[in-house]
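Asker: Build me a model:
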Amino acid sequence: MVCLQIFSAANLSSSSLKTVNAAIHIPKLPRVFSTPQLPKTKPLIEDFINVSRHRINTDQLEKNSVVLTTQSHDRNTNDIIIIKLYAVLEAVSDRVEMHHNIAQQRNNWNTLLLNSINMITLTATTLAGVASAAATTCSDSSLLALKLSFALLFSAATGLLLIINKINPSQLTEEQRNATRLFKQLQRQIQTTIAIGNPSEEDVKDAMDKVLALDKAYPLPLLGAMLEKYPAKFEPAVWWPSNNGKPQSKKMGKMKNGWSEELEMEMREVVEVIKRKDAEDYNRLGNIALKINKSLAVAGPLLTGIAAVGSTFIGNNGSSLAAFVPLMAGSLAAAINTFQHGGQVGMVFEMYRGSAGFFNFLETSIESTLSEKDLEKRENGELFEMKMALKLGRSISNLRELASKSATGDMGEFASKLF
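Answerer: Model (predicted):
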């Protein structure tokens with residue numbers, strides 16, 4: 001009984017788990033409308049995009065190529081300019097060394113010639129004194145030998161004095177010292193231009209013009225190109241290139257680039273003070289030094305020549321005056337030679353000439369700067385004012401005070417406090 005019930009329940013549960021599968025079949029309808037197939041547009045769009053990208057990339061490459069070519073050209077041009085500046089710098093450095101060495105050489109000339117001429121002159125004077133004292137006791141042959149000896153010595157001293165007065169070694173030395181200083185100044189200017197960067201062809205031309213102007217102002221050779229040591233008129237040294245051929249711009253607008261009307265008026269007043277006080281004073285002193293130098297250059301050889309001629313009369317009729325002339329003339333010649341070349345009067349004259357040239361240079365710098373109407377082409381006004389103050393040994397406030405005094409008519413003060 002129990003077994004029958006279990007079997008019936010098992011059959012019932014298995015029948016309930018069976019899945020009923022049913023399918024409905026719908027007949028195919030005939031195709032009445034046919035839809036046309038559209039062309040495949042995706043490849044066309046992709047081709048258009050690829051062509052556009054190619055054109056854009058080509059245009060960009062062309063632009064980049066133009067930019068790179070321009071930058072490369074600018075870089076090459078800038079490199080060439082820098083190379084030119086370095087070439088000028090090498091020439092300037094060589095000139096600095098040459099002028100320095102020649103200055104030492106000519107200073108040695110001055111010392112050696114001065115000592116030699118003084119020794120010859122004093123020896124001849126001593127022999128003249130001995131000959132005059134022994135004129136009555138010595139034989140004629142001995143007296144003749146003494147007379148010939150100091151006559152030749154005085155003649156040699158005269159010839160050497162003519163040579164040393166012609167070239168004036170102390171003045172030559174000062175010329176080369178000034179040239180060395182100015183070439184060193186130019187050397188530093190070129191180095192600053194290179195260090196700042198972005199130089200131009202105008203910088204190269206300006207540097208070369210300054211080198212040639214310095215070569216002309218302070219020549220190295222003695223024959224042909226040597227400066228006149230005794231000019232008819234005192235003239236300041238000129239070592240900067242002339243700006244006569246440089247056209248000035250006509251543009252004039254609102255004050256900028258560090259410039260103002262007050263600063264321009266200040267610079268004009270400074271120029272007036274330099275002209276009326278400093279330049280005039282050094283021109284006066286230079287003329288005095290020139291006259292002294294000329295007088296001494298004539299007096300020295302003249303006295304030794306008189307001593308050489310007067311020595312021939314020693315012993316003739318026992319004249320004391322004949323013995324006195326070579327002694328006095330020889331002593332005075334040695335003293336004048338010592339004062340002229342030992343005191344380096346020629347160097348003093350050249351110093352005044354260089355100082356007067358310095359003030360003329362300041363005048364020219366200020367006037368040429370103010371004559372430039374395009375303010376952008378001028379040097380920055382504040383920087384220019386600072387440079388002028390430093391060159392005159394003043395502070396900026398002190399320079400402005402000088403200009404204000406000049407504007408009110410007070411000319412009692414010199415512009416430069418350096419020398």
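
Asker: how would you label Trp240: helix, strand or coil?
Answerer: Secondary structure, DSSP: H, G, I helix; E, B strand; the rest coil: Trp240 is coil.

Asker: now the strands: where do they sit in the stretch 51-200 of the chain?
Answerer: In the stretch 51-200 of the chain, no strands are defined using DSSP state E, counting those that start in this stretch.

Asker: so where's it uncertain?
Answerer: The model of the stretch 51-200 of the chain has pLDDT under 70 over residues 51-75.

Asker: now the helices for it?
Answerer: Assigned by DSSP state H, counting those that start in this stretch, the stretch 51-200 of the chain shows helices spanning 140-167, 169-196.

Asker: What residues of the last one count as buried?
Answerer: Going back to what we said before, that points to helix 169-196. 169-180, 182-184, 186-187, 189-190, 193 (16 or more other Cβ atoms under 10 Å). (Glycine included, C-beta is placed from N, CA and C.)

Asker: Redo the helices of the stretch 51-200 of the chain as CSV? Include distance to Asp206.
Answerer: Shown next, in CSV, are the helices of the stretch 51-200 of the chain (distance: least, Cβ to Cβ, whole Å):
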stretch, distance to Asp206
helix 140-167, 33
helix 169-196, 9
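
Asker: what's the closest non-adjacent residue to Asn337?
Answerer: Leaving aside its sequence neighbours, Asn337 sits nearest to Gly300 (Cβ to Cβ, 6 or more residues apart in numbering; 5.1 Å).

Asker: residue contacts, the one you found?
Answerer: By Cβ atoms under 8 Å, 6 or more residues apart in numbering, the contact set of Gly300 is Leu161, Asn165, Ala333, Ile336, Asn337, Gln340.

Asker: Name the member of the residues you listed with the most neighbours.
Answerer: Per-residue neighbour counts (other Cβ atoms under 10 Å) across the contacts of Gly300 peak at Ala333, which has 29 neighbours.

Asker: so it is in which element?
Answerer: Using DSSP states H and E, Ala333 falls within helix 320-337.

Asker: How far does that helix sit from its chain's centre?
Answerer: In terms of Cα atoms, centre = their mean, to the nearest Å, the gap separating the centre of helix 320-337 from the centre of its chain is 49 Å.

Asker: same check, this time on stretch 284-302
Answerer: Distance, centroid of stretch 284-302 to centroid of chain: 32 Å (Cα atoms, centre = their mean).

Asker: And stretch 95-115, by the same measure?
Answerer: Distance of stretch 95-115 from the chain centroid (Cα atoms, centre = their mean) equals 22 Å.

Asker: Helices along the stretch 301-419 of the chain, start to end?
Answerer: Secondary structure of the stretch 301-419 of the chain (DSSP H, counting those that start in this stretch): helices located at 320-337, 345-371, 381-391, 396-407.

Asker: Just the C-alphas of the last one, formatted as PDB.
Answerer: The one in question is helix 396-407. Extracted C-alpha coordinates of helix 396-407, given in PDB (Å, rounded to 0.1, in the frame of the first residue of the first chain):
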ATOM      1  CA  ILE A 396      73.500 112.800 -10.200                       C
ATOM      2  CA  SER A 397      72.100 115.200  -7.700                       C
ATOM      3  CA  ASN A 398      75.400 117.200  -7.800                       C
ATOM      4  CA  LEU A 399      75.200 117.300 -11.600                       C
ATOM      5  CA  ARG A 400      71.700 118.700 -11.500                       C
ATOM      6  CA  GLU A 401      72.800 121.300  -9.000                       C
ATOM      7  CA  LEU A 402      75.600 122.400 -11.300                       C
ATOM      8  CA  ALA A 403      73.100 122.700 -14.200                       C
ATOM      9  CA  SER A 404      70.700 124.800 -12.100                       C
ATOM     10  CA  LYS A 405      73.500 127.100 -11.000                       C
ATOM     11  CA  SER A 406      74.600 127.600 -14.600                       C
ATOM     12  CA  ALA A 407      71.000 128.400 -15.600                       C
END
